[in-house]
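Student: pasting the structure only:
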């Protein structure tokens with residue numbers, strides 16, 4: 001910002017020099033009859049003043065563009081770091097689409113504010129002051145007319161800006177909702193096709209797109225309205241000043257300083273009049289950029305305020321469980337801002353090697369409970385103990401060794417199958433990776449591929465069936481034994497045959513390497529697989545029964 005004020009001061013000086021030289025040259029030619037050779041020095045100085053002004057404008061554009069890029073780069077880094085530290089539960093609560101929209105569209109919405117509005121604010125503050133200082137000694141009445149009309153433009157900017165800020169915030173909210181819904185529908189496209197709901201969801205997205213279009217047109221309407229109003233008042237002010245100077249030069253008025261006006265003075269003032277209003281008119285054009293940036297900043301501020309999922313302990317545990325462990329939960333409570341309490345005093349004991357199934361209605365908090373056991377968030381109250389040690393005393397690195405986690409939508413990278421499986425342990429060799437693949441029931445599938453484990457898969461598991469993608473994710477968590485294995489809907493959206501293959505692969509893996517398994521699922525096959533079933537209802541666990 002200091003550089004913007006310095007460049008604005010230089011630009012203001014260049015404008016005065018340029019107007020003064022041009023007025024003097026015209027006056028010298030018209031009034032004094034000076035010939036062109038005698039004006040060589042003045043014309044050279046005028047060219048240099050013009051080049052100085054152009055250079056200042058170009059340099060400011062480069063500096064502000066670079067500053068804006070650095071700011072947005074740092075902001076994206078902070079946002080990504082904040083979201084990553086907030087964990088999967090925050091992502092699930094806020095919506096992946098909304099987070100993605102913030103990282104891309106809303107951060108880019110700040111670019112015009114930093115690259116255009118803020119630098120122009122410095123120009124609009126300094127250049128009119130420079131012009132008033134030059135005009136008042138030349139003709140105090142002209143200076144007074146400029147000073148009286150100057151507040152009109154900022155006043156209308158504020159009035160119109162109040163409405164622009166509101167419609168811009170509505171547009172940003174609509175964009176975030178549309179992004180989230182579109183992302184969720186793409187992710188669940190297989191399920192939509194399975195239930196024949198493509199047309200219904202397509203119509204829904206079309207309706208939301210139309211609402212976004214209407215809100216966008218409202219923003220544009222306000223922007224064009226503000227520009228038209230401000231252009232009108234600026235034109236009226238300049239025309240009034242031109243009439244006064246013209247009548248004064250013609251000797252048709254003789255009050256105030258009109259009789260002392262000369263061609264040089266009149267031209268100097270008339271050349272500066274548009275320059276006086278131009279910075280404010282340009283700032284008014286960028287005013288809607290400010291409104292859009294403020295709306296985007298409000299959403300980004302909410303995301304940056306997300307708390308870390310868990311704090312690193314000052315003193316980590318010195319003993320990690322090496323085999324299937326116990327899990328003990330006492331009075332576990334958690335609520336989200338603006339929502340009722342999701343978990344209300346959960347108590348649960350899981351024996352070593354037990355296969356526990358948690359059921360309940362969708363949206364009842366099962367994934368949240370599993371996320372607390374995984375250490376993805378800290379409860380408002382209560383504790384989770386693994387092998388009689390409080391979960392909060394495990395460092396992130398230790399927790400990664402103790403528990404394996406398979407979510408509803410496991411991430412598969414556009415890389416080879418082997419690279420996707422060895423994500424938890426990049427040092428794992430090909431034999432270990434293939435052993436994990438066989439545990440997950442992928443041995444025969446991989447052997448029939450031309451490149452075997454080195455076969456590359458596309459973005460979001462493109463080229464694989466749902467069951468194949470889910471078993472690759474399962475092989476990832478089975479790459480090494482975990483004392484605790486957490487599964488969130490491991491067979492969601494899979495057909496019955498494929499789902500049975502996944503459950504059988506999991507059963508075979510547990511027979512080879514016993515682990516304590518806690519699973520969330522609605523599947524009837526899961527009930528037959530589990531040792532015990534508990535139901536989460538209204539934020540509390542009902543007494544479990546053995547399957």
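Tutor: Ah, there it is. Keep in mind it's a predicted model, so treat the numbers as computed, not measured.

Student: just confirm residue 347 is within a strand.
Tutor: Yes. Under DSSP: H, G, I helix; E, B strand; the rest coil, residue 347 falls within a strand.

Student: list the contacts of it.
Tutor: 329, 330, 331, 332, 541 (CB atoms under 8 Å, 6 or more residues apart in numbering). Yep, even glycine has a C-beta here, placed from its N, CA and C like the rest.

Student: from these, which single one is nearest residue 416?
Tutor: Residue 416 has its nearest neighbour among the contacts of residue 347 in residue 329, at 38.7 Å by CB to CB.

Student: and the closest one, how far from residue 421?
Tutor: Distance check for residue 329 against residue 421: by CB to CB, to the nearest Å, it reads 31 Å.

Student: secondary structure element holding residue 301?
Tutor: In this structure, residue 301 is located in helix 287-304 according to DSSP states H and E.

Student: what's that helix packed up against?
Tutor: Here helix 287-304 touches helix 40-94, helix 111-112, helix 152-187, helix 198-249, going by 3 or more CB pairs under 8 Å, 6 or more residues apart in numbering; DSSP states H and E.

Student: try 10 Å
Tutor: In this structure, helix 287-304 makes packing contacts with helix 40-94, helix 96-101, helix 107-108, helix 111-112, helix 118-138, helix 152-187, helix 198-249, judged by 3 or more CB pairs under 10 Å, 6 or more residues apart in numbering; DSSP states H and E.

Student: give the contact list for the nearest residue in space to residue 445 that is not next to it in sequence.
Tutor: Counting by CB to CB, 6 or more residues apart in numbering, residue 445 lies nearest to residue 468, which is 6.4 Å off, once chain neighbours are set aside. Going by CB atoms under 10 Å, 6 or more residues apart in numbering, residue 468 touches 412, 417, 440, 441, 442, 445, 446, 457, 461, 498, 501.

Student: which of those fall in helices?
Tutor: 417, 445, 446, 498, 501 (DSSP state H).

Student: just give me the neighbour total for the fourth one.
Tutor: It refers to residue 498. If you count neighbours by other CB atoms under 10 Å, residue 498 ends up with 18.

Student: and if you look at residue 146?
Tutor: By other CB under 10 Å, 22 other residues sit near residue 146.

Student: OK, contacts around the residue lying closest to it once chain neighbours are set aside?
Tutor: Leaving aside its chain neighbours, residue 146 sits nearest to residue 276 (5.5 Å; criterion: CB to CB, 6+ apart). For residue 276, the contact set (CB under 10 Å, 6+ apart) comprises 15, 127-132, 134-135, 143, 146-147, 149-150, 234, 237-238, 241, 269.

Student: buried ones only from these, please, as a PyMOL command.
Tutor: A single PyMOL command selects the buried members of these (16 or more other CB atoms under 10 Å):
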select buried, resi 15+127+128+130+131+132+134+135+143+146+149+150+234+237+238+241+269
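
Student: with residue 357 as the reference, measure out to the closest residue to residue 85 other than its chain neighbours.
Tutor: Spatial nearest neighbour of residue 85, excluding adjacent residues (CB to CB, 6+ apart): residue 308 at 4.2 Å. Shown here: residue 308 relative to residue 357, a distance of 30 Å by CB to CB.

Student: between the two, which is the more surrounded one?
Tutor: More neighbours surround residue 357 than the other of residue 308 and residue 357, with 24 against 15 (other CB under 10 Å).

Student: which neighbouring elements make contact with the helix or strand encompassing that one?
Tutor: Per DSSP H and E: residue 357 is located in strand 355-359. Using 3+ CB pairs under 10 Å, 6+ apart as the contact test, the elements touching strand 355-359 are strand 341-350, helix 366-374, strand 484-488, helix 496-512, strand 516-520, helix 524-529, strand 532-537, strand 540-546.

Student: let's see that with 7 Å instead.
Tutor: When contacts are defined as 3 or more CB pairs under 7 Å, 6 or more residues apart in numbering; DSSP states H and E, strand 355-359 packs onto strand 516-520, helix 524-529, strand 532-537.

Student: now, of those, which is deepest in the fold?
Tutor: Across the helices and strands packed on strand 355-359, averaging neighbours per residue (mean count of other CB atoms under 10 Å) puts strand 516-520 on top, at a mean of 25.

Student: let me know the angle separating that strand from strand 355-359.
Tutor: In terms of direction (axes from the mean of the first three to the mean of the last three CA atoms, to 10 degrees), strand 516-520 departs from strand 355-359 by 20 degrees.

Student: quick one: contacts for residue 274?
Tutor: residue 238 (CB atoms under 7 Å, 6 or more residues apart in numbering).

Student: typed the wrong thing, it's residue 123
Tutor: The neighbours of residue 123, taking CB under 7 Å, 6+ apart as the test, are 8, 11, 279.

Student: what's the burial count for residue 137?
Tutor: Neighbour count for residue 137, taken as other CB under 10 Å: 8.

Student: rewinding a little: neighbour-wise, which of residue 329 and residue 421 wins?
Tutor: Taking residue 329 and residue 421 together and counting by other CB under 10 Å, residue 421 has the greater number of neighbours (28 against 21).

Student: from the chain's centroid, how far away is stretch 40-59?
Tutor: 42 Å (CA atoms, centre = their mean, to the nearest Å).

Student: buried stuff in it?
Tutor: Result for stretch 40-59 [16+ other CB under 10 Å]: buried residues 45, 46, 49, 52, 53, 56.

Student: once you drop chain neighbours, what's closest to the second one?
Tutor: By that I understand residue 46. Residue nearest to residue 46 in three dimensions, not counting chain neighbours: residue 21, with 4.4 Å by CB to CB, 6+ apart.

Student: how about the contacts made by that neighbour?
Tutor: Shown in contact with residue 21 (CB under 7 Å, 6+ apart): 42, 45, 46, 49.

Student: state the pLDDT value of it.
Tutor: For residue 21, the pLDDT comes out at 91.

Student: what of residue 224?
Tutor: pLDDT for residue 224: 69.

Student: ok, residue 545 next?
Tutor: 56.

Student: next one: residue 339
Tutor: If you check residue 339, the pLDDT there is 62.

Student: how far does stretch 297-315 stretch from one end to the other?
Tutor: End-to-end span of stretch 297-315 (CA to CA, to the nearest Å): 38 Å.

Student: nearest residue to residue 99 other than its sequence neighbours?
Tutor: With CB to CB, 6+ apart as the criterion, residue 99 has its nearest non-adjacent residue at 5.7 Å, and that residue is residue 83.

Student: correct me if wrong: that neighbour contacts residue 100.
Tutor: No. Residue 83 is beyond contact range of residue 100, at 9.9 Å (criterion: CB atoms under 7 Å).

Student: settle it for me: which of the two has more neighbours?
Tutor: With neighbours defined as other CB under 10 Å, residue 83 and residue 100 compare such that residue 83 has more, 21 against 17.

Student: still on that earlier bit, which one of the contacts of residue 468 sits in the busiest neighbourhood?
Tutor: Neighbour tally across the contacts of residue 468 (other CB under 10 Å): the maximum, 27 neighbours, falls on residue 440.

Student: what about the residue lying closest to that residue once chain neighbours are set aside, neighbour count?
Tutor: Spatial nearest neighbour of residue 440, excluding adjacent residues (CB to CB, 6+ apart): residue 475 at 3.7 Å. As a burial measure, residue 475 scores 28 neighbours (other CB under 10 Å).
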